[in-house]
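Student: fold the stuff below for me.
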Amino acid sequence: MAALTTLFPVFFMLVLGFVSRIKGWVTPEQKAGANAIIFKILFPILILNLMCTATIETEHMKMIVYVFIIYLLVIFIGKALSQFTGKKYAHFSPYLLSVVEGGNVALPLYLSIVGTSSNTVIFDIAGTVVCFIVLPVLIAKESSSGASMKDMIKSIFTNSFVIAVIIGLVLNFTGLYNVLLDLPIGEMITKTFSQATMPIVSMILFILGYDLNIDKETLGPILKLMGIKFVYYALVIVGFFVLFPVQMADKTFMMAPLIYFMCPTGFGLMPVIEPLYKEEADASFASAFVSIFMIVTLIVYTLVVVFIA
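Tutor: Numbering: from 1, shown residues only. Okay, the predicted model is just below:
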C-alpha cells in the first residue's frame with residue numbers, strides 16, 4: 001500500500017499528460033510553453049535552492065565520491081554500448097543511465113519502510129553535483145560541436161543551470177544564505193522558493209506523459225537500455241557490500257541502496273539533456289524509458305518489503 005501511495009501520484013500525472021495529448025486537451029504549442037516555463041525559469045530556481053541548502057557531512061564523503069564516480073562511469077559505458085542499445089538514440093541515451101530520482105521516488109519509498117532516515121539523501125548529494133554541475137558542462141560542450149573555445153565557454157557559463165549552481169554554492173559556502181535567512185526577509189525567501197518550486201515535479205511528470213509514445217521501433221532500444229541500467233546498478237549495490245561492509249551489515253541502511261539505485265532516471269535530468277535532442281522522437285524515447293523503469297522500481301520495492309523489511 002505504501003508503494004501505491006508513493007507511485008500512484010507519479011503515474012497519475014504521467015497518464016494525465018498522455019491522455020491530454022491523445023484527446024487534444026493540450027496542444028503541442030501549449031505544452032512547449034509549459035515546458036519553457038518549467039525548464040527555463042522555474043527549474044533553475046529549484047537548483048539554486050538545492051545548492052543553497054545542501055549539507056555535505058565529512059563522514060559520508062567516501063560514499064558521495066563512490067556514487068559520483070559510478071554516475072559518470074555509466075555514461076561512458078552507455079556510449080561504448082551504443083551499438084547494442086541503438087545508434088539512433090546514442091546522442092543522448094547514455095545520459096539516461098546516470099542519476100536516479102531520489103527525492104520523489106526513492107526517498108518516500110524508503111521512508112515508508114524505515115521511518116525517519118536521511119540515508120538516501122547521501123546518494124542524492126552526488127546525484128545533484130553530477131546532474132546540475134558536471135552534466136550541463138559536458139552537454140554544453142557536446143551540443144556546441146564545431147564552435148570556437150570562446151563560444152563553448154560562453155555556452156557553458158550562460159547555461160541557466162550552471163549559473164544557478166554557481167550562485168547557490170557561493171551563497172552556501174560563504175554562509176551568506178544563512179545570513180539572509182536570519183534577516184527579517186528570511187521567511188519571505190523560503191516561502192518564495194517554496195511557491196516557485198511547488199509545481200515543478202508535477203509539471204515535469206505531465207510533460208513526460210505528454211511526450212510518451214512507445215512503438216515497436218523504440219521498445220527494443222528501451223528494453224536494452226533498461227537491461228544495462230539494471231545490471232550496472234546491481235553491480236553498484238554489490239560495490240556497497242564490498243566497500244562499505246559495516247554500513248551494509250545494518251539492515252536499515254542496506255535497504256537504502258537496494259531501493260535507491262533501482263529507481264528511474266532523475267526527473268531533473270530531462271531539461272539538462274534536452275539540448276541534445278534532434279527530434280520530437282527523442283523526447284518520447286526519454287519519457288518512455290523513465291516511465292517503464294518505474295515498473296522495475298515497484299518490483300524491487302515489493303521484494304525488499306517481503307524478504308528484507
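
Student: only C-alpha atoms for contact and neighbour calcs from this point on.
Tutor: Will do.

Student: endpoints of stretch 21-28, how far apart?
Tutor: Start and end residues of stretch 21-28 are separated by 8 Å (Cα to Cα, to the nearest Å).

Student: okay, and for the stretch 51-200 of the chain, where does confidence drop off?
Tutor: Low-confidence segments of the stretch 51-200 of the chain (pLDDT under 70): 55-56, 116-118, 144-149, 151-152, 155-156.

Student: where do the helices sit along it?
Tutor: If DSSP state H, counting those that start in this stretch is used as the criterion, the helices of the stretch 51-200 of the chain fall at 61-80, 82-85, 107-114, 119-129, 135-143, 149-157, 160-173, 176-182, 186-197, 200-211.

Student: do you know which of these lies nearest residue 46?
Tutor: Proximity to residue 46 (Cα to Cα) singles out helix 186-197 among the helices of the stretch 51-200 of the chain, at 5.7 Å.

Student: packing partners of the closest one?
Tutor: If contacts are counted by 3 or more Cα pairs under 8 Å, 6 or more residues apart in numbering; DSSP states H and E, helix 186-197 sits against helix 43-53, helix 176-182.

Student: need the helices of the stretch 51-200 of the chain in a markdown table (columns: mean neighbour count and distance to residue 10).
Tutor: A markdown table is the format used below for the helices of the stretch 51-200 of the chain (neighbours: other Cα atoms under 10 Å; distance: least, Cα to Cα, whole Å):
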| stretch | mean neighbour count | distance to residue 10 |
| --- | --- | --- |
| helix 61-80 | 17 | 24 |
| helix 82-85 | 17 | 27 |
| helix 107-114 | 20 | 12 |
| helix 119-129 | 21 | 19 |
| helix 135-143 | 19 | 25 |
| helix 149-157 | 14 | 32 |
| helix 160-173 | 19 | 24 |
| helix 176-182 | 14 | 32 |
| helix 186-197 | 14 | 17 |
| helix 200-211 | 23 | 7 |
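
Student: for residue 244, find the nearest of the ones you listed.
Tutor: Ranking these by proximity to residue 244 (Cα to Cα) places helix 61-80 first, at 8.3 Å.

Student: tell me what angle the closest one forms with helix 135-143.
Tutor: 20 degrees (axes from the mean of the first three to the mean of the last three Cα atoms, to 10 degrees).
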